[in-house]
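Trainee: Please work out how this folds:
(4 chains)
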There are 2 protein chains.
Amino acid sequence: MAAQQGPRRGKRSDKPTIADVAALAGVSVSAVSKVVNNRPGISPPTRQRVLDAAEKLRWSPSATAVALRGARTRAIGMVAGRAADVLAADPHFSVLISGIEAELAPADYGLLLHIVGEEPSAEERAYRRLAEERRVDGVILTESRIGDTRFELLRQLRLPAVLVGTPWRDDPVVSVRAGGEQDAGIREAVDHLADLGHRHIAYVSGPEDRVHTVFRRRVFEAALEERGLRPTRIVVSEFTADAAVRAVRQLLAEPQRRPTAVLFANDTMAVAGMSAARRLGFEVPRDLSIVGYDDLPIGELVYPRLTTIGQDLVQLGRSAATAMFALLDGSPESAQPPPVRPPSLIPRESTGPAGGVGG
Amino acid sequence: MAAQQGPRRGKRSDKPTIADVAALAGVSVSAVSKVVNNRPGISPPTRQRVLDAAEKLRWSPSATAVALRGARTRAIGMVAGRAADVLAADPHFSVLISGIEAELAPADYGLLLHIVGEEPSAEERAYRRLAEERRVDGVILTESRIGDTRFELLRQLRLPAVLVGTPWRDDPVVSVRAGGEQDAGIREAVDHLADLGHRHIAYVSGPEDRVHTVFRRRVFEAALEERGLRPTRIVVSEFTADAAVRAVRQLLAEPQRRPTAVLFANDTMAVAGMSAARRLGFEVPRDLSIVGYDDLPIGELVYPRLTTIGQDLVQLGRSAATAMFALLDGSPESAQPPPVRPPSLIPRESTGPAGGVGG
DNA sequence: ATGAAAGCGCTAACAA
DNA sequence: TTGTTAGCGCTTTCAT
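Mentor: All right, here's what the predicted structure looks like:
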């Protein structure tokens, strides 16, 4: 009742504010504030009246006002330093984001996405703005690079950061990654192939400026050597389908040193590689076995279904978000999250016994 | 100079504020504000001093403060009402987002993403919070539904909205869509198949609560009839790979009324359907021709490459962002953006002459 | 051309 | 237990 004379400037029916709620509930604004923030010192009846008033007015605290006041922004940032089309082609990001969102949404946090080009300067600018403009409480990063400068930048900017993946050297950053045997997946894949009789196994790696790229290649080499096999061909290229196609052409060109199995650095490349092989007249898995990495949905869509090394990207995303929350709560000790299930081989249809025409 | 006694509360080296810049430049805060907002009434020398000071302090206006003051949030919202994993499997969204970001980024706008579950209530809640908390200046929607309630909600919330796609009935909403012949793609596809001798063409549609789903099916039927063919089988299902597989099984089950070509409502289903057919022993395109819709990157990755109906999703995203800007600038007349190139057939390898074993 | 001051909606000291 | 009030960093009249 007793709506004050004219309801604030000009337009009526403007968004309600904390003052409106306070007025309707017949209490002070600080009482309302205490209620919505679960602060002590409010009697149950008062509390209820405030809640009712807020409900009736469909009011919830203005995120910007809260943020300005110094509290949380309730938003986490993510900067993708890749060309937009590359990103669209590789669902890796989407899956990760799904996981992150799964944690953010219930906490009523939003994900502020910035897709900037490949140039590092654009990336840096994006982080700077995120920090300077105080748009987010923290950022989640992926794909740490060798000699990564982002963490240093973020520390300067005092922007809490969580990395999905393995940090470079001892970059003092909170990171979430697969637990225990991070190399388990690749080892299993190599064992799987070796057990199937493959002796010529190739690995198509991605650009070696990434920490995980190098790590995976090394694990591959080590695993092969342990089985007494020599790493047959390592083709380093880019993370694109085209690169995968070129790599396969090259691998299959010379009959005498042709591999009977190929491991790819990710599923997109593996699928592209598989198609390329078939276009060249090789049957999969009869003439060539193919293994991917990531276990993206696409692997189950294609024919034959892609054998791949699965890492739980969704869970990785969730953990990253959880870690971020811990970090923001000022408990960096507990921020290092429990490890995620290690990557493991998911045998499907694209691998089979060695001994086709390519043998 | 003459930094005031202690530089504000506690910690020094806190983020600089407009006051710091003003002090360093030896002017008032309002002068600084005018400069950064390109307001008139500032002499060139003063202007320069302010710019220099801001530069030196690495200051840029706090987004939250600006937003609170009533100006722009510089963020656009997007709510995905789908299960996170579905979303990850269908890159449709990612591609669209690429396009949107391509426009937002240069304007220094961010994209605030919310992935909520399938339940409509969660979706509504997300929009409400976006509006009530004033987190974004507007939202971009996709996939208008028949009887869509979102636009009414958004109007209530006074949240500017732009739809990518065809609105339901005359939902008074700004929308971006393909120009001219929106049915061009499907007609071309039907012509293409008919010219190849196909007489039994099936269409695997998605859930018919979507506006575009129904539209596409109708165009398909009309196009077939114009060629004197009867729409052979319409299987309505969900937008998932599994559904596509089931549909294909069903279509290929009865030899006497088996189609020789199938059009799918999207590329993901088409790829899944193609695999299913091949698993059942049908060669593509020898025994069965397949056509997708969207022209997602996956279509070029698989073997055989997918013939599909391409719509420029990236451009659609860009246009949506552009339209949003116009809307926010208060020029709704100019908000309706120029139409995007109409969808058109992209013939690749998954279609061929009718007359395989299935004929 | 420039500056002082009043808020935007909220939280947290501090009073009562 | 409750209310008063001073800002958070910025924009914008309104004076000067």
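
Trainee: in the stretch 151-300 of chain A, which spans are helices?
Mentor: A:184-195, A:211-226, A:241-253, A:267-279, A:298-301 (DSSP state H, counting those that start in this stretch).

Trainee: Adding mean pLDDT, write those helices out as a markdown table.
Mentor: Formatted as a markdown table, the helices of the stretch 151-300 of chain A follow (pLDDT from 0 to 100):
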| stretch | mean pLDDT |
| --- | --- |
| helix A:184-195 | 96 |
| helix A:211-226 | 93 |
| helix A:241-253 | 93 |
| helix A:267-279 | 96 |
| helix A:298-301 | 94 |
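
Trainee: what's the closest of the ones you listed to B:Ala19?
Mentor: helix A:211-226 (42.1 Å; CB to CB). No exception for glycine: its C-beta is placed from N, CA and C like everyone else's.

Trainee: ok so, going back, any chance of JSON lines for the helices of the stretch 151-300 of chain A, columns mean neighbour count and distance to DNA strand D?
Mentor: Listed next are these as JSON lines, based on neighbours: other CB atoms under 10 Å in any protein chain shown; distance: least, CB to the nearest atom of the strand, whole Å:
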{"stretch": "helix A:184-195", "mean neighbour count": "22", "distance to DNA strand D": "47"}
{"stretch": "helix A:211-226", "mean neighbour count": "18", "distance to DNA strand D": "36"}
{"stretch": "helix A:241-253", "mean neighbour count": "20", "distance to DNA strand D": "45"}
{"stretch": "helix A:267-279", "mean neighbour count": "26", "distance to DNA strand D": "42"}
{"stretch": "helix A:298-301", "mean neighbour count": "24", "distance to DNA strand D": "45"}
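
Trainee: which stretches of the stretch 1-150 of chain A have low pLDDT?
Mentor: For the stretch 1-150 of chain A, the stretches with pLDDT under 70 are A:1-14, A:71, A:84-89.

Trainee: Please enumerate the strands of it.
Mentor: Counting by DSSP state E, counting those that start in this stretch, the stretch 1-150 of chain A has strands at residues A:75-81, A:110-116, A:138-142.

Trainee: And those: which comes nearest chain B?
Mentor: strand A:110-116 (4.0 Å; CB to the nearest CB).

Trainee: tell me what that closest one is packed against?
Mentor: When contacts are defined as 3 or more CB pairs under 8 Å, 6 or more residues apart in numbering or on different chains; DSSP states H and E, strand A:110-116 packs onto strand A:75-81, helix A:92-104, helix A:120-132, helix B:92-104, strand B:110-116.

Trainee: Next, work out how far apart A:Ile298 and B:Asn266 are.
Mentor: Computed as CB to CB, to the nearest Å, the A:Ile298 to B:Asn266 distance reads 14 Å.

Trainee: Could you tell me which residues of the stretch 1-150 of chain A lie near DNA strand D?
Mentor: With CB under 7 Å from any atom of the strand as the criterion, the stretch 1-150 of chain A meets DNA strand D at residues A:26-31, A:34, A:40-43, A:45-46, A:65, A:68-70.

Trainee: Pretty sure A:Lys34 sits against A:Thr46.
Mentor: No: using CB atoms under 8 Å, A:Lys34 is not in contact with A:Thr46; the gap is 9.2 Å.

Trainee: Number of residues surrounding the closest residue to A:Val219 other than its chain neighbours?
Mentor: Closest residue to A:Val219 apart from its sequence neighbours, by CB to CB, 6 or more residues apart in numbering or on different chains: A:Asp183 at 4.1 Å. Other residues near A:Asp183 number 19, with proximity taken as other CB atoms under 10 Å in any protein chain shown.

Trainee: residues contacting A:Asp183?
Mentor: Contact analysis of A:Asp183 by CB atoms under 8 Å, 6 or more residues apart in numbering or on different chains lists A:Phe215, A:Val219, A:Ala222, A:Ala223.

Trainee: nearest to chain B, of those residues?
Mentor: Sorting these by how near they are to chain B, with CB to the nearest CB, puts A:Phe215 at the top with 24.3 Å.

Trainee: quick one: A:Gly228 from DNA strand C, how far?
Mentor: Counting by CB to the nearest atom of the strand, to the nearest Å, the separation of A:Gly228 from DNA strand C is 64 Å.

Trainee: Same question for A:Arg279.
Mentor: 60 Å.

Trainee: try A:Val29
Mentor: 5 Å.

Trainee: I'd like to know how far the residue lying closest to that residue once chain neighbours are set aside sits from A:Arg135.
Mentor: Nearest residue to A:Val29, sequence neighbours excluded (CB to CB, 6+ apart): A:Ala22, at 4.5 Å. When distance is defined by CB to CB, A:Ala22 is 29 Å away from A:Arg135.

Trainee: Between the two, which has more neighbouring residues?
Mentor: Between A:Ala22 and A:Arg135, counted using other CB under 10 Å, the more crowded position is A:Arg135 (23 against 19).

Trainee: Done for today, thanks.
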